[in-house]
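*Asks:* Here is my input; please provide its structure:
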Amino acid sequence: MRVLVPFAAGGPADLVAREIAQRLGEDLGRAFIIENQGGAGGKLAVINVARAEPDGYTLLFPASGNVVSHPLAERDMSTVEQLVPIGLVSNSAHVLVINPTLPIRTMADLVAYAKANPGKLHFGSAGTGAVAHLGMEMLKLDAGIDIVHVPYRGTSQAVIDVMSGQIQATFSSMPSLKGMIDQGTLRALGMTSKSRADSGLPLISDTVPAFGYTTWYGLFAPKGTPPAIVEKISASLKKAVADKALQEKLAVQGMDLDWSSPAELDALMKKDIAKWSKVIEAANIRLK
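*Replies:* Below is the predicted model:
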């Protein structure tokens with residue numbers, strides 16, 4: 001059984017996919033093979049699964065950006081509509097960090113500073129249409145502030161430039177930033193949602209009530225896959241996600257394992273589509 005991952009080997013998505021695939025294989029008595037197909041916002045992997053035989057032998061392990069925000073920014077959900085959800089695997093909150101030399105210590109400070117200095121703050125993301133980009137556009141919309149987006153090829157360089165002062169802010173996962181926060185080279189202001197890795201930080205919604213988001217991973221099959229097969233894999237996925245040792249292992253990576261049924265994942269996607277569509281239209285984000 002093939003599991004296509006829309007990211008390069010060695011990253012967080014690849015790590016989680018391999019852990020889950022191992023447990024699915026043990027439970028279902030079949031060999032699961034991970035195939036990494038990164039690039040283009042995960043489009044290649046999504047297309048290949050959408051076009052695969054709907055027999056349960058080709059699955060997709062995407063992040064929410066691959067099947068929600070990126071297709072929305074391209075104004076084309078047609079390929080994603082050829083997939084059926086099997087189940088949610090994990091949810092991850094983001095933390096908002098800034099350069100520590102700024103006279104900002106709280107979210108309220110950030111909002112006040114941005115309103116007093118429109119267009120002077122710059123934030124980085126892993127690229128136009130990435131979840132972190134849309135998260136900041138949502139914050140701008142909800143808080144009524146003007147901050148300039150600077151797209152990067154990945155999160156790492158954006159973080160480096162926040163520390164150096166080239167830009168002033170970015171969103172990313174807590175584990176990837178914790179060392180720099182502890183050292184004082186980054187200042188954390190708040191979390192986008194509750195998380196086991198929040199380190200006691202406040203929620204951004206404490207200051208900007210309408211704000212909040214997570215990035216998530218899930219498992220999908222081609223449209224037309226028999227419901228009995230979807231339910232069987234979903235039941236096995238539920239067992240894998242309930243593994244306490246795996247939960248603790250991935251919590252260190254900032255991922256809260258969080259299973260859902262196919263119907264619940266479908267509902268989550270529709271909720272995210274409605275939320276991000278509003279942000280994309282307001283910010284006039286287009287990838288085509």
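*Asks:* quick one: the helices in the stretch 101-250 of the chain?
*Replies:* 107-116, 131-143, 155-164, 174-183, 227-241, 244-251 (DSSP state H, counting those that start in this stretch).
*Asks:* Select, out of the ones you listed, the one closest to residue 203.
*Replies:* With C-beta to C-beta as the measure, helix 107-116 is the member of those nearest residue 203 (9.0 Å). Quick note: C-beta positions are derived from backbone N, CA and C, even for glycine.
*Asks:* you'd agree residue 30 is up against residue 2?
*Replies:* No. Residue 30 is not in contact with residue 2 according to C-beta atoms under 8 Å; the separation is 10.9 Å.
*Asks:* what about those two, which has more around it?
*Replies:* residue 2 (16 against 13; other C-beta atoms under 10 Å).
*Asks:* Setting aside sequence neighbours, what's the nearest residue to the more buried one?
*Replies:* Distances taken as C-beta to C-beta, 6 or more residues apart in numbering put residue 58 closest to residue 2, at 4.9 Å, once the chain neighbours are dropped.
*Asks:* residues touching that neighbour, list them.
*Replies:* 1, 2, 4, 48, 49, 52, 221, 222 (C-beta atoms under 8 Å, 6 or more residues apart in numbering).
*Asks:* hang on, residue 21 packs against residue 34?
*Replies:* Yes. The pair residue 21 / residue 34 is scored as a contact, 5.8 Å apart, by C-beta under 8 Å.
*Asks:* what touches both of the two?
*Replies:* Taking C-beta under 8 Å, 6+ apart as the criterion, residue 21 and residue 34 both touch residue 3.
*Asks:* which one of the two has more residues nearby?
*Replies:* Under the neighbour definition other C-beta under 10 Å, residue 21 and residue 34 were set side by side, and residue 21 has more, 22 against 16.
*Asks:* Which helix or strand contains the more buried one?
*Replies:* Assigned by DSSP states H and E, residue 21 belongs to helix 12-28.
*Asks:* Let me know the next secondary structure element after that helix.
*Replies:* Moving toward the C-terminus from helix 12-28, the next helix or strand (DSSP H and E) is strand 33-36.
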